[in-house]
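[1] need a 3D model of the following:
(one chain, ligands or ions: 2)
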Amino acid sequence: MNSRDSEHMIAELHEKEGYETTTDFKVADLILINTCSVRERPVHKLFSELGGFNKHKKPSAKIGVCGCTASHLGEEIIKKAPYVNFVLGARNVSKISEVLHKDKAVEIDINYDESEFAFKDFRSSPFKGFINISIGCDKACTFCIVPKTRGDEISIPDALVVQEAQKMVDAGAKEIFLLGQNVNNYGRRFSGEHEKVNFTELLRRLSKIEELQRIRFTSPHPFHMDDEFLEEFASNPKVCKSMHMPLQSGSTKVLKDMKRGYSKEWFLNRAKKLRDICPEATISTDIIVGFPGESDEDFEETIAVMKEVKFDQVFSFKYSPRPHTEAEAFTNIVDSEVASDRLSYLQALNNEMIDEKHAKLLGNVYHIYFEDLHRDGEHVAGRSDNNIVVRVKGREELLGKFANVKITAIGRTILTGEIIA
Ligand code: 5AD
Ligand code: SF4
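    Ligands and ions are numbered 1, 2, ... in the order given. Presented below is the predicted three-dimensional model:
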């Protein structure tokens, strides 16, 4: 989401102000920091990074702080770092050229309607097409700051989404990546009157674009994984067979305290249905450990769900209390060391499970779409339909192309392969 917001700002600055991008901040006229605030650590990092930029930048260069931390800290950022020229919230990126010309501007209205702006003609790569299908989040998970930084949920009309996908395909993309905080809640509310199209129907409409070969999306919410959606996922050949199912906790009691809207049983039922109707799909998840009130038994339940679903990837986090959230006021805090131990245990198990899965992939052949050039300039990385990431020897010419790749070496995060005829 932040990457796409950055693309939006770059597009706007390029079009209206004539800016070009540089990777060397010492020569930059403008330094933008696009921030996350979902956990506390990146917020601390912001202020140390800011200090470094301020010390070594060109004296005339401006600094802008954008994104979710900007949304919730607002002018506090300028109080703490007075050399910051403007603060621009995650829901206000369309105002970038406006704030650029107003010193000490703070634009952080979290319900500003930016749905019109969602499509700006800037892509960091013609082969990778991020498309916002909704902005904001209507849920109220008690640990999460996002609804307070990105505001209420608004879906982008499907005709616009389809038009944007067509444009990207015409420019060379074979794969698109739909973005939203809860993609499968798509269509509940639009800006103004609009035909109620749900996510399943949106997938059907997008797959009619002939030259489009792959559709990915993130993140769906387990609560909205109804049969219609899972069946479309399984049967639509253009929908990539990799699903992110953010579990957060395997204990129904903790899920209730988190206000996630589903129980352990519902989650397991959905995961089982998915495995039954689409055995080739990979499933990834997010888990928080040490949420207030999480007992050893609750944590054991999370581990049991991990073992039962056999997730292909687990992104795990130690609970971090966030301002403006309900859980911030919870008093049944889990001891920090206990939470760290749980996280280490869970991550060791995840590594074990990944190593076991990867070992079975050696020698397999996957149809890979190449989309990233490796820093060394000698390798390109791509993905299989079911999100297996493989690196092969090659250069730019491979980007945006498909090839069959045989896995020749196994690593934990990336596999290495060879293109075969
Ligand atoms: N503490 C720890 N992890 C969090 N996440 C969201 N809020 C918090 C928090 N306060 C995690 C969730 C979410 C992912 C993007 O970040 O697992 O799915
Ligand atoms: Fe945060 Fe919950 Fe919304 Fe996801 S669904 S962004 S975790 S409030």
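[2] residues in contact with the residue in the stretch 251-400 of the chain positioned nearest to ligand 2?
    When scored by Cβ to the nearest ligand atom, the stretch 251-400 of the chain has R260 as its residue closest to ligand 2, at 7.3 Å. Backbone N, C-alpha and C define where each C-beta goes, glycine included. By Cβ atoms under 8 Å, 6 or more residues apart in numbering, the residues touching R260 are C141, P222, F223, Q248, S249.
[3] may I ask which helix or strand encompasses it?
    Assigned by DSSP states H and E, R260 belongs to no helix or strand.
[4] which parts of the longest helix seen in the chain are buried?
    Identified as the longest helix of the chain according to DSSP state H is helix 336-359. Neighbour-count burial for helix 336-359 flags A339, R342, L343, L346, N350, M353, I354, K357, H358 (criterion: 16 or more other Cβ atoms under 10 Å).
[5] then stretch 25-38?
    A28, L30, I31, L32, I33, N34, T35, C36, S37, V38.
[6] from those, which land in helices?
    Counting by DSSP H, those contribute nothing to helices.
[7] so which of those would you say is closest to ligand 1?
    Comparing these against ligand 1 with Cβ to the nearest ligand atom picks out V38 as the nearest, at 4.6 Å.
[8] that closest one is in contact with I145, isn't it?
    Yes: counting by Cβ atoms under 8 Å, V38 touches I145, with 6.4 Å between them.
[9] helix, strand or coil for the residue lying farthest from the centre of the chain?
    Within the chain, P59 marks the point farthest from the mean C-alpha position, 34.7 Å out by Cα atoms, centre = their mean. Of the three states, P59 takes coil under DSSP: H, G, I helix; E, B strand; the rest coil.
[10] that one and V27, how far apart?
    To V27, P59 is 13 Å away according to Cβ to Cβ, to the nearest Å.
[11] before we move on, back to that, relative to G250, how far out is the residue of the stretch 251-400 of the chain closest to ligand 2?
    Separation of R260 from G250 (Cβ to Cβ): 11 Å.
[12] and I156, how many neighbours does it have?
    Residue neighbour count, defined by other Cβ atoms under 10 Å, stands at 24 for I156.
[13] right, and it touches G136 too?
    No: here I156 does not reach G136: they are 11.3 Å apart, not a contact under Cβ under 8 Å.
[14] which residues of the stretch 151-300 of the chain fall in helices?
    158-170, 199-206, 227-235, 252-258, 264-277, 296-309 (DSSP state H, counting those that start in this stretch).
[15] and the first one, C-alpha only, in CSV?
    Meaning helix 158-170. Extracted C-alpha coordinates of helix 158-170, given in CSV (Å, rounded to 0.1, in the frame of the first residue of the first chain):
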residue,chain,number,x,y,z
ASP,A,158,-15.1,-1.6,-10.9
ALA,A,159,-15.2,0.1,-14.3
LEU,A,160,-12.2,2.2,-13.3
VAL,A,161,-10.4,-0.8,-11.9
VAL,A,162,-10.9,-2.7,-15.2
GLN,A,163,-9.9,0.3,-17.2
GLU,A,164,-6.7,0.7,-15.2
ALA,A,165,-5.9,-3.0,-15.6
GLN,A,166,-6.4,-2.8,-19.3
LYS,A,167,-4.1,0.2,-19.5
MET,A,168,-1.4,-1.7,-17.6
VAL,A,169,-1.8,-4.7,-19.8
ASP,A,170,-1.5,-2.5,-22.9
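[16] contacting residues around that helix?
    Residues outside helix 158-170 that contact it (Cβ under 8 Å, 6+ apart) are 118-119, 123, 126, 129, 131, 133, 176, 178, 187, 195, 197, 201-202, 205-206, 209, 211-212.
[17] make it 7 Å
    The contact list for helix 158-170 (Cβ atoms under 7 Å, 6 or more residues apart in numbering) reads F119, G129, I131, I133, I176, V197, L202, R205, L206, I209, E211, L212.
[18] flag the least confident of the residues you listed.
    Among these, F119 carries the lowest pLDDT, at 69.
[19] give me the distance between the spatially most central residue of the chain and V239.
    Geometric centre of the chain, nearest residue: M1, 5.5 Å, by Cα atoms, centre = their mean. M1 sits 20 Å away from V239 when distances are taken as Cβ to Cβ.
[20] then Q347?
    As judged by Cβ to Cβ, Q347 and V239 stand 30 Å apart.
[21] go on, L203?
    With distances taken as Cβ to Cβ, L203 is found 6 Å from V239.
[22] coming back round to it: show me the contacts for the residue nearest to the centre of the chain.
    Contact partners of M1, counting by Cβ under 7 Å, 6+ apart, are L179.
[23] list, one by one, the residues from the protein near ligand 2.
    Contact residues (Cβ under 6 Å from any ligand atom) of the chain with ligand 2: C137, K139, C141, C144, V146, P147, Q181, N182, H221.
[24] who wins on neighbours among the residues you listed?
    The most crowded member of those, judged by other Cβ under 10 Å, is C144 (23 neighbours).
[25] I appreciate the help and will end here.
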